[in-house]
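Trainee: quick one: sequence plus predicted model below, questions after.
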Amino acid sequence: MNSLMTRWENASAGSSALRFLDRLLRGIGQVMFQDNPLSGLLFFVAIGWGSWAHDAAQVAIGGLAALVAGTLTAQWLKVDEAGLNAGLYGFNAYLTGLALPTFMDPSLLLWFYVVFGGAVSVVIMLAMVNVFRTWGVAVLTAPFVLMTWLLLLATNAFSGLHGGTLPPVGVIEAIDPALANPLAPGDFLQGLLTSISQVFLKGDGVAALLLLAGLAVSSRPAAAFALLGAVVGLITAHALGAESQLISAGLLGFNPVLTAIALGAVFYRPGLRVLAYALLATVLSVIVQGAMITLMTPFGIPALTGAFVLVTWLFLLPGLKFETRG
Amino acid sequence: MNSLMTRWENASAGSSALRFLDRLLRGIGQVMFQDNPLSGLLFFVAIGWGSWAHDAAQVAIGGLAALVAGTLTAQWLKVDEAGLNAGLYGFNAYLTGLALPTFMDPSLLLWFYVVFGGAVSVVIMLAMVNVFRTWGVAVLTAPFVLMTWLLLLATNAFSGLHGGTLPPVGVIEAIDPALANPLAPGDFLQGLLTSISQVFLKGDGVAALLLLAGLAVSSRPAAAFALLGAVVGLITAHALGAESQLISAGLLGFNPVLTAIALGAVFYRPGLRVLAYALLATVLSVIVQGAMITLMTPFGIPALTGAFVLVTWLFLLPGLKFETRG
Amino acid sequence: MNSLMTRWENASAGSSALRFLDRLLRGIGQVMFQDNPLSGLLFFVAIGWGSWAHDAAQVAIGGLAALVAGTLTAQWLKVDEAGLNAGLYGFNAYLTGLALPTFMDPSLLLWFYVVFGGAVSVVIMLAMVNVFRTWGVAVLTAPFVLMTWLLLLATNAFSGLHGGTLPPVGVIEAIDPALANPLAPGDFLQGLLTSISQVFLKGDGVAALLLLAGLAVSSRPAAAFALLGAVVGLITAHALGAESQLISAGLLGFNPVLTAIALGAVFYRPGLRVLAYALLATVLSVIVQGAMITLMTPFGIPALTGAFVLVTWLFLLPGLKFETRG
């Protein structure tokens, strides 16, 4: 594997076309923090499969179009080469491109939106990176969340844009306890997988397995924490009495998955104390996802990865050192 | 008094149990900016009385449980010793623990929420302290406000959590002028006292007197500005035509009380110019409380001390120097 | 013209009354970034005309009262002399004073609100300037937006304050495509002019021409970018299918006008790459205005220049250098 990667690196260094492809793939890999083109390729295949299997090819195509638009914008703005080569200007564009066709009806203006959103997500990324550099904290998927919220909210004001599959605008109500039935073991397994694939806005078991493979080829701890985050997310949501259907669809699980990977395997050195700290954050991310779903109800937009971003920021900003193993 | 305090300090330095107790008491004292265990003790008695007298012992117990959880979390995270000994990692936890049983029905999960909220409030405190250090400004009760808003919003998504005494979700409407009758002198006095006790989420006259005593033993200017804040808050709210019942319940007064103490007696050196500046902020805090009540209406959550936090930040961030007495 | 300006500067330096008048005029000029008393005078006449022609003299008077209150507050707080002389502590107060009588019914308390809002806007300006100095970015009209949102939201809580001309509180709905008819050429021209005058909350063609003249005497690029912003805003809004009536009233155009001036003629050096960058932001500001109108719907308050502020921050915060002409 390593020698294959070395040959790919050398080939990329010598060809601007391959370098561009490498940037795209790493951009996809960075959705789950992997600066690795093979992870990106496996994630891309996972999302391609998930889109095709659910008759939604426009989602995979949207992701790719926005990713290309974002990467070209970053190159045009002459951003830092290292970040560009690590795919840091691609993942927010890619997610924006997946989200827009997921929540909007197809139209010519949707494709303008996809390309425009991919390009602007890079400007937002640069803005946020500059702000958060002050405290040495990563911006995570916040540019994607902000860009997509703004674009989706605006669909109400423009008759050429159709948010046909957006959540309905509603009045906040406590959920009916009857909807929180015990989960059957099959639902539990399904929720485990969809929690992982919903990171890319897809509820699909095969996609989840490909995503796990993509993580594992780059970082086994990341794959382990993804699974741990999914399990903790499921148990927490179920114990608190969440709607079973949301759990098995993975809609309460993708934020814990990302939070667990970020805090457990990316930004802190592993150890018992870090594990406890990451678990605390993972449980919180389920609760915050519940809060965000509530907050979004009057506006009819999805919460996206807002809970992951907020919780991970709150747990990174203290700048704690966990040198000693606990 | 001073020799008693010295003996307590010495005893605390020599016993880890007393040190822990000292941290808890100062944590309670810091709700109104007093790094003083006797203030904390009087505040604790005040809240204990207020809870017991209103058949709501779970509120006082919740505060204590969250305070212990928060202080233990801070110790586990090895935060700075000076802040820990000054009670800086306790007051947000304590308030969170008072708020949750105030707005939620008793259940086993409520107690999980109380302990969890107390613990996480410390992480949020650390995160915000790190951000606001950039501008040399205190984070005030913002961690409590953010933590409690998130926890209360999430009750809608989980059937095991019951926000039974939360404000109802509603559509924003201008208040009926008939509800803003002139206040009788008795109502005025009641509003004066409840404005002070509502800092700890309780409307109770005896508690208010104990709180004033707790302030006075530590800082007479703080006690004076608490009273001034309550009077200015009452007059402003009444002059603008607020609902009489909100005024006499102290619900438009606790934010001005905290704002007046913070700007008049804690963060700036006293003087005529500072007095004028603090009064401007105190009036604003009433208006912002009105704005926040409006903002919260579609979400069915209480505004808490959000107005105090926002206004005091706006008046501290300019970093003005008021050396010369005006 | 230049010798006239020199004589005015000399006269202002020698008379505190003229200096104060100069500060007021530059404060008005800074609404569109012009540190120029003649621009301020022309803007003032434009708004005076617009108010008088629409039977709303209280709007022009409110602006002046808040401007005086804000400038006196800044002097009392001993802010930096250079900023004071450049009118930097006036424009947010002026806009606040225009907005309050635009959205509220006349009453004695309205005039308290105007003076109070003008004074407090200066504190908010100082607070935000201190925060945004960290990243070298201007605060733009954010103090006006925050101050006015808070003051208008609070009208619901106080029966003495009447937000009689506020947008109605509503449930978010996608606009009816029938309202997005093709614009007639006359509507297009009208929208072009009102887009410029709505920067000062007025829909009036004569006022728009006076505003353009006020820009041109100080900076021809600013006048050109104002027109460009209006045209791009109109075309974008129309292409996306916005409500025709909003377009011709200029309500989707004032944010693009300000965004185009700020990015094209004030904060970056002109050039082809900057032009492309400013156009991207200008288009985004139309979409964000649509998003903000949606966001404000449940709260019944106007979006004001929030879209301009957010978009311009996002495009300034990257701190890009565009030295080379593209």
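Mentor: Good, I have the coordinates.
Trainee: ok, the residue in the stretch 51-200 of chain A that chain B sits nearest to - contacts?
Mentor: At 4.0 Å from chain B, A:Pro177 is the closest residue in the stretch 51-200 of chain A, using CB to the nearest CB. C-beta coordinates here come from the backbone N, C-alpha and C atoms, glycine included. Residues counted as contacts of A:Pro177 (CB atoms under 8 Å, 6 or more residues apart in numbering or on different chains) are A:241, B:159.
Trainee: and it, how far is that from B:Ser159?
Mentor: Per CB to CB, to the nearest Å, A:Pro177 is found 4 Å from B:Ser159.
Trainee: what does the stretch 201-326 of chain A have sitting close to chain B?
Mentor: With CB under 8 Å from any CB of the partner chain as the criterion, the stretch 201-326 of chain A comes near chain B at residues A:237, A:239-243, A:280-281, A:283-284, A:287-295, A:298, A:313-320.
Trainee: mind checking pLDDT for A:Arg325?
Mentor: At A:Arg325, the predicted lDDT confidence score is 45.
Trainee: other residues contacting the host helix or strand of A:Arg7?
Mentor: A:Arg7 is part of helix A:2-14, with elements assigned from DSSP states H and E. Applying CB under 8 Å, 6+ apart, the contact partners of helix A:2-14 are A:18-19, A:21-22, A:36-38.
Trainee: out of these, list just those in helices.
Mentor: If you go by DSSP state H, the contacts of helix A:2-14 have A:18-19, A:21-22, A:37-38 in helices.
Trainee: any of these buried? List them.
Mentor: Among the ones in helices among the contacts of helix A:2-14, those classed as buried by 16 or more other CB atoms under 10 Å in any protein chain shown are A:18, A:21-22, A:37-38.
Trainee: where does the stretch 101-250 of chain A get nearest to chain B, residue-wise?
Mentor: Closest point on the stretch 101-250 of chain A to chain B, by CB to the nearest CB, is A:Gly241, at 3.4 Å.
Trainee: what residues are up against that residue?
Mentor: For A:Gly241, the contact set (CB under 8 Å, 6+ apart) comprises A:175, A:177, A:180, B:109, B:158-161.
Trainee: ramachandran angles for it?
Mentor: phi 90, psi 40 (degrees, to the nearest 10).
Trainee: show the contacting residues for A:Ser159.
Mentor: Contact partners of A:Ser159, counting by CB under 8 Å, 6+ apart, are C:174-177, C:179-180, C:241-243.
Trainee: who wins on neighbours among these?
Mentor: Within the contacts of A:Ser159, C:Ala242 tops the neighbour count with 28 neighbours, counted by other CB atoms under 10 Å in any protein chain shown.
Trainee: hang on, that one packs against C:Leu252?
Mentor: Yes: contact between C:Ala242 and C:Leu252 holds when scored by CB atoms under 8 Å: they sit 5.6 Å apart.
Trainee: common neighbours of those two, please.
Mentor: Jointly contacting C:Ala242 and C:Leu252 under the rule CB under 8 Å, 6+ apart are C:286, C:290.
Trainee: which residues touch A:Ala53?
Mentor: Applying CB under 8 Å, 6+ apart, the residues near A:Ala53 are A:204, A:206.
Trainee: ok, 10 Å please
Mentor: With contact taken as CB atoms under 10 Å, 6 or more residues apart in numbering or on different chains, A:Ala53 is in contact with A:202, A:204-207.
Trainee: can you select the buried ones from those in ChimeraX?
Mentor: Buried residues within the contacts of A:Ala53, by 16+ other CB under 10 Å, are selected in ChimeraX with:
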select /A:202,204,205,207
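Trainee: for A:Thr305, which non-adjacent residue is closest in space?
Mentor: Nearest non-adjacent residue to A:Thr305, counting by CB to CB, 6 or more residues apart in numbering or on different chains: A:Thr141, 4.7 Å away.
Trainee: how deep is the one you found tucked in, by neighbour count?
Mentor: By the measure other CB under 10 Å, the count of residues near A:Thr141 is 25.
Trainee: just read off the phi/psi values of it.
Mentor: The phi/psi pair for A:Thr141 (degrees, to the nearest 10) reads phi -100, psi 20.
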